[in-house]
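In: only the shape, not the letters, is given here:
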């Protein structure tokens, strides 16, 4: 076995996994006891065999208030909540040209998975319009 081939996989492994538990769901707000997380961070909730992404939007006492990205169907008290340590990210690159995406960057055009080279956080500063190059040719679609 060549260890150099495993190096990229090993670098992606997170040796720490911070976990909590769902305490209650009221409307679209999911309240969890732990894990330690900050506002804007994405947590994964595991009801059964699926994973639901939820963003930390606030705190109540020592609990997290999470807003799901998608349906809350199947979430129940004591489901596991895992902090990712990252904000919501979307893929970017040439593979997005001609694709139709939803509000969180997932394909909805039935053409399969996205092929993106890089991921960027959804919430970030916009580029300075005075520092980018002038557009001087038409975009032909």
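Out: Yep, it's here. Because the structure is predicted, anything quoted here is derived from the model rather than measured.
In: all strands for the chain, in order.
Out: With DSSP state E, the ranges of strands along the chain come out as 19-26, 29-33, 41-46, 52-60, 63-68, 80-87, 89-92, 118-121.
In: tell me which of those lies nearest to residue 5.
Out: For residue 5, the closest of the strands of the chain is strand 118-121, at 22.0 Å, according to CB to CB. Where you see a C-beta, it was placed from the backbone N, CA and C, and this is true even at glycine.
In: just to revisit the earlier point, turn the strands of the chain into a markdown table, including mean pLDDT.
Out: Formatted as a markdown table, the strands of the chain follow (pLDDT from 0 to 100):
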| stretch | mean pLDDT |
| --- | --- |
| strand 19-26 | 91 |
| strand 29-33 | 93 |
| strand 41-46 | 91 |
| strand 52-60 | 92 |
| strand 63-68 | 94 |
| strand 80-87 | 90 |
| strand 89-92 | 83 |
| strand 118-121 | 84 |
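In: now those as CSV including distance to residue 2 and mean neighbour count?
Out: Formatted as CSV, the strands of the chain follow (distance: least, CB to CB, whole Å; neighbours: other CB atoms under 10 Å):
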stretch, distance to residue 2, mean neighbour count
strand 19-26, 34, 16
strand 29-33, 42, 20
strand 41-46, 32, 20
strand 52-60, 34, 17
strand 63-68, 41, 20
strand 80-87, 30, 18
strand 89-92, 28, 16
strand 118-121, 26, 12
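In: of those strands, which is nearest residue 111?
Out: Residue 111 sits nearest to strand 89-92 of all the strands of the chain, at 14.0 Å, using CB to CB.
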